[in-house]
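Peer 1: Structure for the following, please:
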Amino acid sequence: MMTPIPRWVAGIGLAVWFAGVAFLTLTPGEYTPPLTLSSFLCVACGWRHVADILLNWMLFLPGGFLAARFLSGGRAIAAAILTTVLIETLQIAIPGRDPASQDLIFNSLGALSGVRLAHLGLSQRERSILGWLVVAVWLAPAALLTPLTSTAALYGQWTPRFPGLGTYDGQVLSSRVGEVPVTSSRSDFSTEIDEAILRREPIEIVFVVARPPAELAPIFQVYDSLRKEIVMIGAIHEDLVVRGKNPSRVLRLDQPDVRWTGGLAHVEPGDTVRLTLERSHGSVCATINERTQCGLGPRASDGWGFLLNLEGVPGSMHALISVLWAAGLGLILGTTWSGRARAELSFFALAALGLIVAALSPDVSPDVPGSLVLLVCAVAASRAKVAFATSNRAPQPTDR
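Peer 2: I've put the predicted structure just below:
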């Protein structure tokens, strides 16, 4: 059994956990899908169902772990189940929320895992596996964001309309991928477009700017005859957003965006602009007319975006979540690997390797701040673990 944390610490943790869960699950969204019995009962449904499953499990694991400090195992699990039932019930009346039995199941399994962890802890082998999992998660963005294409026929689409997305009121005048022109119709050059996307050749669109949309609105898109999105460039507020088909989509995960915050802030509705998106090793760059911004690719600390895409949330909130993600991974890593000197050398190696991978990848950007947060938290957790183990082994004074 793990050494129990102080009750006051567990109480604060529960309050923070509950506030975070309420924010993520009860905040209204933009699009409300129709609620039917089949959609509610469906498990592992939707294009990002693996992300939903992992997120639901991870979301309630801390709740079960902290609740076990106050309640017995069975009562802690029951409290977590009642919490998720309450949340799913409230979501029925909240726009943009989609209650589902899948959430009930995996929230409950997450709480069960947390209670199990609180009472039994982890074996050294399980700790080692968890540490290597953290390494994989930190390095994953470069692999998961590698562009993929399709063997089916490709279509271009200008300012399309889709359920759950906004509509861009501007007008696209021309577009191309590499040297291949893409019109708003079926393309006769599907193979050439495929090859250009895989080579990460520049994408260029000329369009008339519209009023900033309140929700993500596609401006330009390439999709295949199976209705699978290959590339999408859109806008939300004054930000430019780029998404595409990659291994994360194949694995049914979400994905962090290529995002130029304020990219459309210096143009007015009615202006005609030329947007060029280019990828090179260690950088994703976008140019609007004569203004260029590089370093737009997701970073290692944006890995949380594979589980959850908080569209419309201010950039400061994204930055805060990325810091917390890097800190959390660092703390987990610092408590899993044993041997202080060897472990700390491994932490430095991981931080350096992450920067090297990003510098070589055309799809992600180097993350110096995130790497420092990961490194500092891993070292701090490792040293705290050693100090705690040493204090527990210290001989206790005896009465004579």
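Peer 1: Stretch 274-289: which residues count as buried?
Peer 2: L275, T276, L277, E278, R279, G282, S283, V284, C285, A286, T287, I288 (16 or more other CB atoms under 10 Å). Where C-beta positions appear, they are placed from N, C-alpha and C, glycine not excepted.
Peer 1: so the fourth one bridges to which residues?
Peer 2: It refers to E278. E278 has these beta-bridge partners by DSSP bridges: C285.
Peer 1: related to what we said a few turns ago, and which of the buried residues of stretch 274-289 is nearest D224?
Peer 2: L277 (19.9 Å; CB to CB).
Peer 1: picking up where we left off before, wait, which of the buried residues of stretch 274-289 is closest to L253?
Peer 2: Using CB to CB, V284 comes nearest to L253 of the buried residues of stretch 274-289, at 19.5 Å.
Peer 1: where exactly do the helices run in the protein?
Peer 2: Under the criterion DSSP state H, the chain contains helices at 7-26, 37-41, 49-67, 73-91, 101-120, 124-144, 190-198, 247-250, 315-336, 340-360, 368-393.
Peer 1: one step back: min pLDDT across the buried residues of stretch 274-289, which one?
Peer 2: Scanning the buried residues of stretch 274-289 for pLDDT, the smallest score is found at G282, 70.
Peer 1: list the contacts for that residue?
Peer 2: A358, A359, L360, S361, P362, S365, P366 (CB atoms under 8 Å, 6 or more residues apart in numbering).
Peer 1: Check G73 too.
Peer 2: V115, H119.
Peer 1: and the gap between it and I197?
Peer 2: 51 Å (CB to CB, to the nearest Å).
Peer 1: Chain neighbours aside, what residue packs nearest to the residue nearest the centre of the chain?
Peer 2: The chain has G305 as the residue nearest its centroid, 1.0 Å off, counting by CA atoms, centre = their mean. Leaving aside its chain neighbours, G305 sits nearest to P256 (2.9 Å; criterion: CB to CB, 6 or more residues apart in numbering).
Peer 1: I'd say that neighbour and A140 touch.
Peer 2: No - counting by CB atoms under 8 Å, P256 stays clear of A140, with 10.9 Å between them.
Peer 1: I105 - nearest residue in space that isn't next to it in sequence?
Peer 2: Closest to I105 by CB to CB, 6+ apart is V43, at 6.7 Å.
Peer 1: Report whether the expected contact of the one you found with Q102 is present.
Peer 2: Yes - contact between V43 and Q102 holds when scored by CB under 8 Å: they sit 4.8 Å apart.
Peer 1: can you list the domains in this protein?
Peer 2: 1-121, 122-145+299-400, 154-297 (automatic domain parsing).
Peer 1: quick one: low-confidence ranges for this structure?
Peer 2: 1-4, 29-33, 312, 339, 389-400 (pLDDT under 70).
Peer 1: ok, back up a step: what distance do you get for the residue nearest to I105 to Q91?
Peer 2: Counting by CB to CB - V43 and Q91 are separated by 17 Å.
Peer 1: and L253, what does it touch?
Peer 2: L253 neighbours (CB under 8 Å, 6+ apart): R48, V50, A51, L144, F306, L307.
Peer 1: I'd like to know which of those are buried.
Peer 2: R48, V50, A51, L144, F306, L307.
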